[in-house]
Every structure is written in structure tokens, then in C-alpha cells.
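Enquirer: Sequence and predicted structure are below.
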Amino acid sequence: MRVMKLLVMLMALACVPLLSHAAEVKLTSSTQYLWYQDLIAADKEKSLQDIAQYLRVNVTNVDKEGDINVYAYGRATKQVSTSQDLEGRLYYLYVDYRNAIKEHLDLRAGRTYVNAAAISGTVDGFHADVKNLGPVGVTLFGGRYVIFDEKREIGNGGDALAGMSVYLDTIKNTHVEVSYGRKYGDTDLMRENVGLDFSTTPFGTLNFYGRLKYDTMSESYNEMLFGAKVAPVKDLTLRGEYYESYPTFDAASIYSVFAVNQYKELSLSAQYQLATNYRVSLKYARETFDGDSHANVYEVGLLAKPIKNLTLNLTYENRDGYAGQLSGIRFYGEYKIAKASVLAGIDYDDFRRQLSREGSAKRYWAGVNYAITKIISAVVRVEDNINFTYDNSYQGYAAIQINY
């Protein structure tokens with residue numbers, strides 16, 4: 001019943017333009033047939049099939065000024081190979097009212113995603129942005145916290161998320177935001193975080209940015225990021241980042257009693273546009289686990305368009321140090337022929353796990369996209385995985401997509 005209500009609400013949005021002469025509607029639909037092997041069943045070669053319907057509706061310019069818009073996106077699925085019931089997710093359905101108070105207040109209400117350095121998630125509630133108070137602004141958000149599992153919505157009315165932030169926008173494209181957030185589970189406090197987010201561009205080609213998140217219940221920083229990005233010459237971009245994380249969990253989670261390790265990563269990367277049709281990238285990362293265990297990660301990439309309508313993308317990664325060794329390659333290509341695009345790719349990983357097994361994992365896939373009309377297209381993709389668990393694991397999907 002819940003799934004049917006969600007679908008009815010999404011379809012009803014398409015009728016909004018009939019009530020407003022200025023409104024415009026854009027509808028995106030994807031009807032999919034998926035097949036795959038059951039990873040949990042004792043018989044791992046058992047095949048499962050799903051039918052899925054994705055629907056996105058955007059209704060804009062509901063009012064004459066174009067400040068009121070409505071956005072919605074949802075999914076319904078039915079596993080046709082079993083007796084499983086129809087299930088669904090409503091990812092978002094909200095009204096976006098810009099300039100509710102002209103130049104000072106933007107509002108979102110409904111099911112919407114809220115994001116701040118301190119906390120983020122999907123809520124059935126609101127997001128308010130009080131802006132242009134000089135260089136300062138304030139955001140407030142909150143509502144019932146929406147929890148999804150693989151195919152449906154779970155949770156109860158006692159789950160909630162709320163928070164606020166104060167931000168400053170000033171010279172040199174500088175943005176600084178301090179935020180606070182809480183999450184509740186069945187009315188009990190599960191998380192309480194304080195966050196900081198900043199970005200500044202002191203010079204035209206140099207940008208500094210960072211993000212901090214502090215968990216007040218565990219009294220620890222569970223996320224820290226500092227970075228710099230610069231373009232010293234034309235077509236060359238350099239980036240350096242320091243990242244640190246310490247896993248924390250909801251107060252009621254069984255995982256909150258387990259010992260966890262801190263993770264740190266220092267990375268340097270470069271991207272250079274050799275010519276209009278060629279781009280190379282390099283990256284090095286030094287990983288640190290619990291202070292005294294280390295690993296080195298090297299990555300090289302090439303994006304090439306050697307002839308018209310052909311795109312090739314190749315990435316090689318090598319990792320050595322803590323927990324073992326890994327050497328892997330990822331390659332895919334796309335070739336456009338009239339109304340069709342043919343795509344194919346290969347992933348290959350060779351690994352040596354410390355105190356565990358060694359071997360390789362391979363993935364082969366291919367697909368075709370075909371434009372039937374200007375608004376209707378078809379997609380087919382097949383994939384085979386060969387690894388420690390499977391000699392062959394076949395999966396794929398076929399879809400009809402409508403963009404109106």
C-alpha cells in the first residue's frame with residue numbers, strides 16, 4: 001500500500017502544470033529488468049530477476065516569478081522470480097521555495113536531503129536558509145530521519161535528525177561554515193556532532209579547503225580533511241590532501257563497543273591535458289593504519305579520444321604494504337555509431353593478502369545504448385565476475401528510458 005501511495009504522489013506531480021499556466025514539467029522514467037545471482041543462498045548459482053521502475057519528476061516555475069519548484073524521485077521494485085511483495089523507495093519529494101522572504105529566506109519542505117559538515121541525511125521535514133544577513137547566513141533543518149535498506153524504507157516515527165549551521169561568505173571566494181547536528185533513534189539520542197567546513201581562493205588558481213567533524217559522545221574527531229588545489233600552468237592541475245578518520249557509531253549500535261583504528265592518508269595528484277583529446281593523471285597516497293602500519297598506493301590514468309566518436313579510459317593501480325599487495329587495471333571504452341553507443345570494459349585485480357589467500361578477480365562487461373526517438377532510449381548491459389567465490393557470476397539489465 002505504501003508503494004502505491006508513493007507512485008500516485010509522483011504521478012500526481014505531473015498534473016501540477018495543469019493548475020499553473022507558468023509551470024514546466026520534466027519527467028524521467030526508467031523501466032528495468034534485472035537478473036543476477038543470489039549471493040546469500042546456499043545455491044550460489046540460483047538466478048534472481050527483478051522488475052524496477054524509477055521515476056523522477058521536476059515541476060519548475062510554479063509561480064510567475066519562478067521561485068517555487070517541486071522535485072520528486074522514487075523507485076518501485078518487484079522480484080519476479082520469487083513471491084516477494086512489491087517494494088519501493090521515495091528518495092525525495094519536496095517543495096523548493098526560493099526567496100520566500102525576498103533575498104533573505106529559502107525554504108525546502110517535504111522529503112529532502114540535508115547536508116552539513118556535522119551531519120547529513122534524508123528527512124521528512126524542512127530546510128531553511130536565512131541568507132544575506134550581511135556576509136552571514138544561518139541554516140536550520142530537521143525532521144523524521146528516513147532510513148533505507150536494500151529495496152525499501154525502514155525505521156519508525158521516533159527516528160529524527162536535526163541541526164543548524166552558521167556560515168560566512170566573504171572576500172576571495174571564502175566560505176566558512178560551523179554546524180551542529182543530532183540524530184535520534186526511537187526518540188533516544190544516537191549521535192551529536194559539531195562540524196567545520198571552509199574553502200578559500202586567495203589567488204585565481206589556488207584553492208584551499210577543509211572539513212572537520214567532531215563526535216561529542218565519543219569525544220573524538222571522526223573525520224578531518226585539509227586540501228589544496230592549484231593550476232600553476234595551463235592544462236595542469238595539482239592537488240594535495242590530508243585525510244584522517246576514526247570510526248564512530250550510533251550510541252545503541254553493537255559496533256560501538258568494538259575497538260577501532262584510526263586511518264590517515266596523505267595524497268598528491270596531478271592531471272594534465274596533453275591535447276584536446278588526451279588527458280593523463282597521476283596519484284600517490286601514503287596510508288597509515290593505527291599509527292604504525294603503512295601502505296603505498298600508486299595510480300596512473302589515461303583518457304583518450306584517438307578518433308571521432310571513440311573514448312578510451314585506462315587506469316592502473318598498485319598497492320603495497322599493510323594487509324598485502326594489489327595490482328589492478330581498469331579499462332573501458334565507448335564508441336558512438338549513429339543513434340547507438342557501444343560500451344565495454346575489463347577490470348583485473350591480482351592480490352596477495354597478508355595472512356590470507358592470494359589470487360585474482362576479473363570483471364568483464366559490455367553494453368549498448370540506443371536512442372529510439374528523441375525522448376525514448378533503450379539500454380542493455382551484461383556482466384561476468386570471476387573471483388574467489390564464483391567461477392562465473394552473470395548479471396545484467398535491460399531498460400527503457402524516457403526523458404520528457
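Expert: Looks like it arrived, so ask away.
Enquirer: can we go C-alpha only for contacts and neighbour counts from here?
Expert: Noted.
Enquirer: could you pull out the strands for the stretch 251-400 of the chain?
Expert: With DSSP state E, counting those that start in this stretch as the criterion, the stretch 251-400 of the chain has strands at 263-275, 278-289, 293-304, 310-321, 324-337, 340-353, 358-371, 376-386, 393-403.
Enquirer: Indicate which one of those strands is closest to Gly155.
Expert: strand 393-403 (29.8 Å; Cα to Cα).
Enquirer: Between strand 358-371 and that closest one, find me the angle.
Expert: 30 degrees (axes from the mean of the first three to the mean of the last three Cα atoms, to 10 degrees).
Enquirer: that older thread, can you say which of the strands of the stretch 251-400 of the chain is nearest to Tyr97?
Expert: Once the strands of the stretch 251-400 of the chain are compared by Cα to Cα, strand 393-403 is nearest, at 24.7 Å.
Enquirer: In a markdown table: the strands of the stretch 251-400 of the chain, plus distance to Asp188.
Expert: What follows is those, written out as a markdown table (distance: least, Cα to Cα, whole Å):
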| stretch | distance to Asp188 |
| --- | --- |
| strand 263-275 | 29 |
| strand 278-289 | 33 |
| strand 293-304 | 37 |
| strand 310-321 | 42 |
| strand 324-337 | 41 |
| strand 340-353 | 41 |
| strand 358-371 | 43 |
| strand 376-386 | 43 |
| strand 393-403 | 41 |
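Enquirer: can you tell which of these is closest to Thr237?
Expert: Of these, nearest to Thr237 by Cα to Cα is strand 263-275, at 5.2 Å.
Enquirer: picking up where we left off before, I'd like the strands of the stretch 251-400 of the chain written out as JSON lines, with mean pLDDT added.
Expert: Formatted as JSON lines, those follow (pLDDT from 0 to 100):
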{"stretch": "strand 263-275", "mean pLDDT": "97"}
{"stretch": "strand 278-289", "mean pLDDT": "97"}
{"stretch": "strand 293-304", "mean pLDDT": "97"}
{"stretch": "strand 310-321", "mean pLDDT": "96"}
{"stretch": "strand 324-337", "mean pLDDT": "94"}
{"stretch": "strand 340-353", "mean pLDDT": "92"}
{"stretch": "strand 358-371", "mean pLDDT": "94"}
{"stretch": "strand 376-386", "mean pLDDT": "96"}
{"stretch": "strand 393-403", "mean pLDDT": "95"}
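Enquirer: May I see these organised as TSV, with distance to Asp197 and mean neighbour count added?
Expert: Listed next are the strands of the stretch 251-400 of the chain as TSV, based on distance: least, Cα to Cα, whole Å; neighbours: other Cα atoms under 10 Å:
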stretch	distance to Asp197	mean neighbour count
strand 263-275	19	17
strand 278-289	23	18
strand 293-304	27	17
strand 310-321	31	17
strand 324-337	33	17
strand 340-353	36	17
strand 358-371	38	17
strand 376-386	40	18
strand 393-403	36	18
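Enquirer: and of the ones you listed, who's closest to Asp149?
Expert: strand 393-403 (21.1 Å).
Enquirer: Show me the strands paired with that closest one, marking each as parallel or antiparallel.
Expert: strand 24-37 (antiparallel), strand 376-386 (antiparallel) (DSSP bridges).
Enquirer: need those in a markdown table with distance to Ile400, can you?
Expert: Shown next, in a markdown table, are the strands paired with strand 393-403 (distance: least, Cα to Cα, whole Å):
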| stretch | distance to Ile400 |
| --- | --- |
| strand 24-37 | 5 |
| strand 376-386 | 5 |
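Enquirer: what about the protein, any weak spots by pLDDT?
Expert: 1-22, 40-45, 354-355 (pLDDT under 70).
Enquirer: Domain boundaries for it, per the record?
Expert: Domains of the chain are assigned by automatic domain parsing as 1-96, 261-404.
Enquirer: need those domains in a markdown table with distance to Thr187, can you?
Expert: Compiled in a markdown table, those are given as follows (distance: least, Cα to Cα, whole Å):
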| stretch | distance to Thr187 |
| --- | --- |
| domain 1-96 | 23 |
| domain 261-404 | 30 |
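Enquirer: For Leu212, which of those is the nearest?
Expert: domain 261-404 (13.8 Å).
Enquirer: shouldn't Asp349 be in contact with Leu326?
Expert: Yes. Between Asp349 and Leu326 a contact is recorded at 6.9 Å, counting by Cα atoms under 8 Å.
Enquirer: which residues does Tyr348 contact?
Expert: Residues near Tyr348 by Cα atoms under 8 Å, 6 or more residues apart in numbering: 328-330, 360-363.
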